[in-house]
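>>> here's a sequence, model it:
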Amino acid sequence: MHRWFFLIYVALIVPANAATIDQSLLKLDPEERAHQVCILKGILDINRAKKLQHVDRLKTSILSRATFDGTTVVAKGGAVRAKNRWYQVKFTCAVTKDQMKATSFEYEIGPEIPESKWEDVGLWK
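All right, here's what the predicted structure looks like:
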């Protein structure tokens, strides 16, 4: 599950063509691939909506484990980071049958997660 750091880095920081990103995604198992495309879409959609500013991280399974049924990732206990603060997030993300693209991302931003709890749930500054 640590490959997502690499994928987000590749997708958001390093100028890469779509073929390179696709090659990286294909190396992941289908569930992890679905999580990654949902994370990428989620970061873009949340930033675009301007509900939070400077979103740079999204985690699917912080407060509870996300589920995957082949074409949908449901995260009821995720977290999103904006301006070095973490917030609870719930989302449902639909993906293509090959898990290579997220087709929809519906979300709800929850309350801020206190910094005193970050270490307990695997978050960082």
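>>> and the longest helix along the chain, what's buried?
Longest among the helix segments of the chain by residue count, using DSSP state H, is helix 30-49. Residues 31-46 are the ones in helix 30-49 that count as buried (16 or more other Cβ atoms under 10 Å). Where C-beta positions appear, they are placed from N, C-alpha and C, glycine not excepted.
>>> which one of those residues sits closest to A66?
For the buried residues of helix 30-49, the minimum distance to A66 (Cβ to Cβ) is 6.9 Å, reached by H35.
>>> spatially nearest residue to the closest one (excluding sequence neighbours)?
Leaving aside its chain neighbours, H35 sits nearest to T60 (5.2 Å; criterion: Cβ to Cβ, 6 or more residues apart in numbering).
>>> could you measure from the residue most central in space within the chain over to Q53?
Central residue of the chain (Cα atoms, centre = their mean): I39, 2.2 Å from the mean position. Remark: distance between I39 and Q53 (Cβ to Cβ, to the nearest Å) = 18 Å.
>>> also D69?
Distance check for D69 against Q53: by Cβ to Cβ, it reads 33 Å.
>>> in three-state terms, how would K51 be classified?
Secondary structure for K51, judged by DSSP: H, G, I helix; E, B strand; the rest coil, is coil.
>>> who does the closest residue in space to it that isn't next to it in sequence bridge with?
Once flanking residues are discounted, K51 sits nearest to I109: 5.7 Å by Cβ to Cβ, 6+ apart. With DSSP bridges applied, the residues forming beta bridges to I109 are V89.
>>> tell me which residues touch I109, please.
Residues in contact with I109, defined by Cβ atoms under 8 Å, 6 or more residues apart in numbering, are I46, K51, L52, V80, Y87, Q88, V89.
>>> lowest-confidence one in those?
Lowest pLDDT among the contacts of I109: K51, with 85.
>>> so the residue nearest to H35 touches V37, yeah?
No: contact criterion Cβ atoms under 8 Å: T60 and V37 do not qualify, at 11.3 Å.
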